[in-house]
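Enquirer: compute the structure for the input listed below.
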Amino acid sequence: MTDWTALPDRDPSEAELAAVREALRSPDPVERDERAYSRLAGWIPGLAEERRLALGDAMADRFGDPEIQARTFAPLVLGRIVRTGSLRAEWLAAFARWYPAETDLRGHHPALGWLHAVAHGADLLGAFGQHPDVDPEPLLALGTARLLAPTGHVFDAMEDDRLGCALALTLTRPELTERQAVGWLDAVAEVFAGGEPGPVPAEVSNTLRALRVVHLLAVRGVRPQWGGAEVRALPHGAAVGERIAEVLSTAAPYLG
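Expert: Numbers count the residues shown, from 1 in each chain. Below you'll find the model as predicted:
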């Protein structure tokens, strides 16, 4: 068991960093979330670049971990690292393989605590989406793939808000053309157009609600930091909002 009171606030030793990294896999939500993640989040900005890269490599490897809590806390840490400017193409590749394929979408578990695969993955998607060395267009397709992946789980812990925010952040990238800014919605439109009478599939319900968030942020702008003062506009916000309205009206004609 890690002695948390003995850990430094900055410049951890390799042994200390390894102990906290391992605690991030713990099934104990206090050990994992309140202690390990909080400690790592505080350390990351002050770590030397080579240590951040090594930590990022370890987190990318965890996308293949057999334990759900290990897989879903990896993107939280990796998002912190990416927001410092550190980046490896291999991290994005590992994330792209895991995110739409993850089947355990529980938000909160009574024993394991917060799992939040979709929300934590959305935070990493948004971090990649703001990094100048990452092509934003494939990220929009990746977020769409996560939304449309068949599931029986209806988001119940504001995952739709987090993923909608990540998509909106990615849509603030100035190099996106108007066509690129709306093109990711074609896949959604195709799925909606193929809908049949009856109960709304969980993935369609999730997508409808996430798109409403993107529509709102296309109008109002999006904050890159929660609670921060900065608000970024979407360069093609009007076109994005119009296309989302068209797509939504396919599945919900009363919105047209």
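Enquirer: residue contacts, V118?
Expert: V118 makes contact with 102, 105, 146, 155, 159, 162-163 under the criterion Cβ atoms under 8 Å, 6 or more residues apart in numbering. C-betas here are computed from N, CA, C, even on glycine.
Enquirer: and it, how far is that from W184?
Expert: Per Cβ to Cβ, to the nearest Å, V118 is found 17 Å from W184.
Enquirer: for V231, phi and psi?
Expert: Main-chain torsions, V231, degrees, to the nearest 10: phi -130, psi 120.
Enquirer: what sits against it?
Expert: So V231 contacts 220-223 (Cβ under 8 Å, 6+ apart).
Enquirer: list buried residues within these.
Expert: For these, a neighbour count by 16 or more other Cβ atoms under 10 Å gives the buried set as 222-223.
Enquirer: secondary structure, distance to L142 and pLDDT for the contacts of V231 - can I get that in JSON lines?
Expert: Shown next, in JSON lines, are those (DSSP: H, G, I helix; E, B strand; the rest coil; distance: Cβ to Cβ, whole Å; pLDDT from 0 to 100):
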{"residue": "R220", "secondary structure": "helix", "distance to L142": "24", "pLDDT": "96"}
{"residue": "G221", "secondary structure": "coil", "distance to L142": "23", "pLDDT": "97"}
{"residue": "V222", "secondary structure": "strand", "distance to L142": "18", "pLDDT": "97"}
{"residue": "R223", "secondary structure": "coil", "distance to L142": "22", "pLDDT": "95"}
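Enquirer: reformat the contacts of V231 as TSV; add distance to L208.
Expert: Output for the contacts of V231, formatted as TSV (distance: Cβ to Cβ, whole Å):
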residue	distance to L208
R220	19
G221	22
V222	19
R223	23
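Enquirer: my guess is R35 meets L7, correct?
Expert: No: no contact is recorded between R35 and L7 when judged using Cβ atoms under 8 Å, the distance being 9.2 Å.
Enquirer: so for stretch 148-168, mean pLDDT?
Expert: Over the span of stretch 148-168, the pLDDT mean works out to 97.
Enquirer: so where do the helices sit in the stretch 101-250 of the chain?
Expert: For the stretch 101-250 of the chain, helices defined by DSSP state H, counting those that start in this stretch occupy the ranges 117-130, 136-148, 159-170, 178-183, 185-193, 202-220, 237-251.
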